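S.K.: 3D model of this:
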Amino acid sequence: MDHEIFGFLTTDANEVVKPIHPKAMPVILITHDEIETWLTAEWSDASRLQRPLREQDLILLRMQNDS
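M.R.: Sure, this is the predicted structure:
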């Protein structure tokens, strides 16, 4: 039997996310090097990636409700 299992790591919310969810946001990896470090490095190195994404690297899109 196959199992699809996933999880995600959170960190403190940055200023873009705080108005929506003040406590936490997912850790977002944006470069190949960050992804490679996360998947292969020792925890002492990979844990440094547990930080909020810089505000300028995140865009908030709001959906309009047509009803």
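S.K.: what ranges do the strands span in this structure?
M.R.: Applying DSSP state E to the chain gives strands spanning 10-11, 25-26.
S.K.: And the contacts of the first one?
M.R.: Applying Cβ atoms under 8 Å, 6 or more residues apart in numbering, the external contacts of strand 10-11 come out as A24, M25, P26, V27, Q50, R51, P52. Glycine gets a C-beta too; all of them are placed from N, C-alpha and C.
S.K.: same thing but at 6 Å, please
M.R.: If you take Cβ atoms under 6 Å, 6 or more residues apart in numbering as the criterion, strand 10-11 is touched by A24, P26, V27, Q50, R51, P52.
S.K.: how near is M25 to F6?
M.R.: According to Cβ to Cβ, to the nearest Å, M25 and F6 sit 17 Å apart.
S.K.: neighbour count winner among those two?
M.R.: Comparing M25 with F6 by other Cβ atoms under 10 Å, the one with more neighbours is M25, at 19 against 4.
S.K.: report the longest helix in this protein, please.
M.R.: Counting by DSSP state H, the longest helix found in the chain is helix 32-40.
S.K.: Show me what counts as buried in that helix.
M.R.: T37, W38 (16 or more other Cβ atoms under 10 Å).
S.K.: taking the mean pLDDT, what do you get for that helix?
M.R.: The predicted model assigns helix 32-40 a mean pLDDT of 95.
S.K.: In CSV, list the C-alpha atoms belonging to it.
M.R.: Extracted C-alpha coordinates of helix 32-40, given in CSV (Å, rounded to 0.1, in the frame of the first residue of the first chain):
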residue,chain,number,x,y,z
HIS,A,32,17.7,25.9,-5.8
ASP,A,33,20.4,26.2,-3.1
GLU,A,34,17.8,26.6,-0.3
ILE,A,35,15.9,23.5,-1.6
GLU,A,36,19.1,21.5,-1.9
THR,A,37,20.2,22.5,1.6
TRP,A,38,16.8,21.6,3.0
LEU,A,39,16.8,18.2,1.4
THR,A,40,20.4,17.2,2.0
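S.K.: residues making contact with that helix?
M.R.: With Cβ under 6 Å, 6+ apart as the test, helix 32-40 has contacts from L29, A46, L49.
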